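Chemist: coords please:
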Amino acid sequence: MRTPMGLSRLVFAVVLAMAFSLAVGSSAFAEDAANNWFNAAGPLSPGTTQAGGIETVGDTDWYYFYTSGEGEVKLGMNKTSGDSSDFNLYRWDGGKLVYVAYGSTYSSEPTAKRVGAGLYYVKVAGYSPDHVGGYDLTLSGGFVSGACPAGVQADPAPVGVGEDDKADWWSGVHLSQPTRPYVSGIETVGDTDWYYFYTSGEGEVKLGMNATSGDSSDFNLYRWDGGKLVYVAYGSTYSSEPTAKRVGAGLYYVKVAGYSPDHVGGYDLTVVGDRVTTTVVTPTITKHSPAGNKTYARKKGVTNYTLSSSVNGPSGGLPGVTVYLQSRTSTKRAWQNSYPRVTNARGEASVVFKSKKKSTTYYRWAVYSQGSINAAVTGSQKIVVK
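Modeler: As a prediction, the model looks like this:
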């Protein structure tokens, strides 16, 4: 991804997991919330039919399989309800997902690809309303294994996963200057850019996009609503007019993604609206249990306890905020940034302690000014370990 004009590199995407059951027409399918993150994908077994479904635009299912050697794999997909579905095949390679192939229900033949030994992921996603509905997915290949073969990397931890890192999608670029074009680009299939902006009240926003190189680009607009992204609108460079949508006050995210080779190239993005604000958010930090002073007794020479908090803005929990659990003692009275944490999708952070010694320590949670977030701090609490 090219990022001129000082924009930071963002190669992340997100799909928020939901557990649901949806009926479409006379057909019904059950959604498995456990497969909505790639690192929690369901195994795809050769010779069997995997039934799944896309509930809404933005929903995503992940599956994985292993191969023990070089050869051809075939992935077939049939639509059981709704208009269409498609998938991308990725290879897990040294800490990142590498695009391998594409397939869809529009093809009457399975997608065939010659691959080497390793770990592979299949992503089924709802990029448009046409994708909502049920599907069947099949896998075949003489050397495909449902279990990890000897010599092949096992299911990895979610570190450096590129496009779909569930921890970092919210590290977007703040669209803090309405009417200014933000210039960037999609480098490869699977590359994704995220932007965000705030609105101070109800009104119309207009998002315009132009392709500066390559064939086309498109985007989805989401509203951040109490810990999840809610789809609002779609737009692309195919339209000569900006995408206009009436929205309420809150935090909004714009996702630009490379779903196909046509999307690779540069673009500029503009947001306009009387209610779009450049004002930064002043968060509130809430301490959770224990919120006040607490004494812990060691058992067999040790005690375990957890201190937790949440960082909240006008629309609920703020994800991706660096928050510090600061500490001091009666002898070292200056506050130390002892335990940095990054808030999760619900704006929460926690520190787990395993204490073997007697101690009296004072703690407080603090956020420093970062991007569009102002500084904030809580009152202190005293933790005694006997």
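
Chemist: for the strand ranked longest in the chain, which strands pair with it and how are they oriented?
Modeler: For the chain, the longest strand by residue count, based on DSSP state E, is strand 303-313. Paired strands of strand 303-313, with direction, are strand 284-287 (antiparallel), strand 316-317 (antiparallel), strand 348-355 (antiparallel) (DSSP bridges).

Chemist: make CSV out of those strands and add distance to residue 219 and mean neighbour count.
Modeler: C-beta here means a position set from N, CA and C on the backbone, and glycine is covered the same way. Output for the strands paired with strand 303-313, formatted as CSV (distance: least, C-beta to C-beta, whole Å; neighbours: other C-beta atoms under 10 Å):
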stretch, distance to residue 219, mean neighbour count
strand 284-287, 31, 18
strand 316-317, 23, 18
strand 348-355, 29, 16
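
Chemist: look up how far residue 202 lies from the most far-flung residue of the chain relative to its centre.
Modeler: Distance from the centre of the chain peaks at residue 331, with 42.7 Å (C-alpha atoms, centre = their mean). According to C-beta to C-beta, to the nearest Å, residue 331 and residue 202 sit 54 Å apart.

Chemist: could you give the mean pLDDT of stretch 149-158?
Modeler: The average pLDDT for stretch 149-158 rounds to 57.

Chemist: show me the domain layout of the protein.
Modeler: If you go by automatic domain parsing, the domain ranges for the chain are 21-164, 173-277, 284-385.

Chemist: least reliable of the ones you listed by average pLDDT, please.
Modeler: Note on the domains of the chain: lowest mean pLDDT is at domain 21-164, with a mean of 73.

Chemist: got a markdown table for the strands paired with strand 303-313, with distance to residue 258 too?
Modeler: Below are the strands paired with strand 303-313 laid out as a markdown table (distance: least, C-beta to C-beta, whole Å):
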| stretch | distance to residue 258 |
| --- | --- |
| strand 284-287 | 37 |
| strand 316-317 | 29 |
| strand 348-355 | 31 |
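
Chemist: looking at those strands, spot the one closest to residue 56.
Modeler: strand 316-317 (19.5 Å; C-beta to C-beta).

Chemist: direction included, what does the helix or strand that that closest one is followed by pair up with?
Modeler: Later in the chain than strand 316-317, the nearest helix or strand by DSSP states H and E is strand 322-328. With DSSP bridges as the test, strand 322-328 is paired with strand 336-342 (antiparallel), strand 359-367 (antiparallel).

Chemist: for the ones you listed, give me TSV that also has mean neighbour count and distance to residue 377.
Modeler: What follows is the strands paired with strand 322-328, written out as TSV (neighbours: other C-beta atoms under 10 Å; distance: least, C-beta to C-beta, whole Å):
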stretch	mean neighbour count	distance to residue 377
strand 336-342	14	12
strand 359-367	18	4
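
Chemist: looking at those strands, which is closest to residue 75?
Modeler: Between residue 75 and the strands paired with strand 322-328, the tightest spacing by C-beta to C-beta is seen for strand 336-342, at 35.5 Å.

Chemist: for the stretch 201-350 of the chain, which segments count as strands?
Modeler: 203-211, 218-224, 229-236, 243-247, 250-257, 265-272, 276-277, 284-287, 294-296, 303-313, 316-317, 322-328, 336-342, 348-355 (DSSP state E, counting those that start in this stretch).

Chemist: dump these to CSV, plus distance to residue 175.
Modeler: Shown next, in CSV, are these (distance: least, C-beta to C-beta, whole Å):
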stretch, distance to residue 175
strand 203-211, 9
strand 218-224, 11
strand 229-236, 14
strand 243-247, 14
strand 250-257, 7
strand 265-272, 5
strand 276-277, 8
strand 284-287, 24
strand 294-296, 43
strand 303-313, 16
strand 316-317, 20
strand 322-328, 21
strand 336-342, 22
strand 348-355, 26
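
Chemist: who wins for proximity to residue 129 among these?
Modeler: Nearest to residue 129, of all these, is strand 229-236, at 8.7 Å by C-beta to C-beta.

Chemist: alpha carbons only: can I get that closest one in PDB?
Modeler: The C-alpha coordinates for strand 229-236 follow below in PDB (Å, rounded to 0.1, in the frame of the first residue of the first chain):
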ATOM      1  CA  LEU A 229     -19.300  -1.900  13.200                       C
ATOM      2  CA  VAL A 230     -22.700  -1.400  11.600                       C
ATOM      3  CA  TYR A 231     -22.800  -1.200   7.800                       C
ATOM      4  CA  VAL A 232     -24.100   2.200   6.600                       C
ATOM      5  CA  ALA A 233     -23.300   2.700   2.900                       C
ATOM      6  CA  TYR A 234     -21.200   1.700  -0.100                       C
ATOM      7  CA  GLY A 235     -19.500   3.800  -2.700                       C
ATOM      8  CA  SER A 236     -17.000   3.400  -5.600                       C
END
